[in-house]
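> Below is the sequence, then the predicted model.
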Amino acid sequence: MLLDITIKRARLCTKSSQLFSMAEDLSQQISDSESTLNLAEYAYNWSWVESEVKTLAVLKYAYKTIHGWAEDMDDEEAFAQQSAEMDAAMWGDRV
């Protein structure tokens with residue numbers, strides 16, 4: 001459920017900065033989950049460990065996926081900006 005919602009939210013993003021922001025939020029959640037996992041290990045609560053490992057796996061997968069999308073979109077945005085600047089330079093002297 002967490003993954004489904006996260007991916008749907010990411011697909012609605014129209015700018016790389018939005019995806020990078022989501023990736024940063026996921027990074028913080030990963031850090032929090034790792035801390036919780038440590039608490040579960042110290043408590044010798046194996047069902048809690050199992051649950052937290054599953055959560056951590058989903059968070060890491062979502063982070064890797066969304067961060068990759070953000071990098072791809074950032075590259076596309078940079079290319080589009082560069083193309084627009086080149087077009088403006090080419091057509092600017094013809095006005």
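Good, I have the coordinates.

> and the lowest-mean-pLDDT helix or strand in the chain, what other elements does it pack with?
Here the helix or strand of the chain ranked lowest by mean pLDDT, DSSP states H and E is helix 46-92, holding a mean of 91. Contact here means 3 or more C-beta pairs under 8 Å, 6 or more residues apart in numbering; DSSP states H and E; on that basis helix 46-92 packs against helix 2-11, helix 16-42. C-betas here are computed from N, CA, C, even on glycine.

> tell me the angle of that helix relative to helix 16-42?
Helix 46-92 runs at 170 degrees relative to helix 16-42, counting by axes from the mean of the first three to the mean of the last three C-alpha atoms, to 10 degrees.

> so what's the residue lying closest to residue 34 once chain neighbours are set aside up against?
Residue nearest to residue 34 in three dimensions, not counting chain neighbours: residue 56, with 6.6 Å by C-beta to C-beta, 6 or more residues apart in numbering. For residue 56, the contact set (C-beta atoms under 8 Å, 6 or more residues apart in numbering) comprises 30, 33, 34, 37.

> For residue 92, see how far away the residue nearest to residue 63 when sequence neighbours are not counted is.
Distance criterion C-beta to C-beta, 6+ apart; nearest residue to residue 63, sequence neighbours excluded, is residue 26 at 4.1 Å. Residue 26 sits 42 Å away from residue 92, going by C-beta to C-beta, to the nearest Å.
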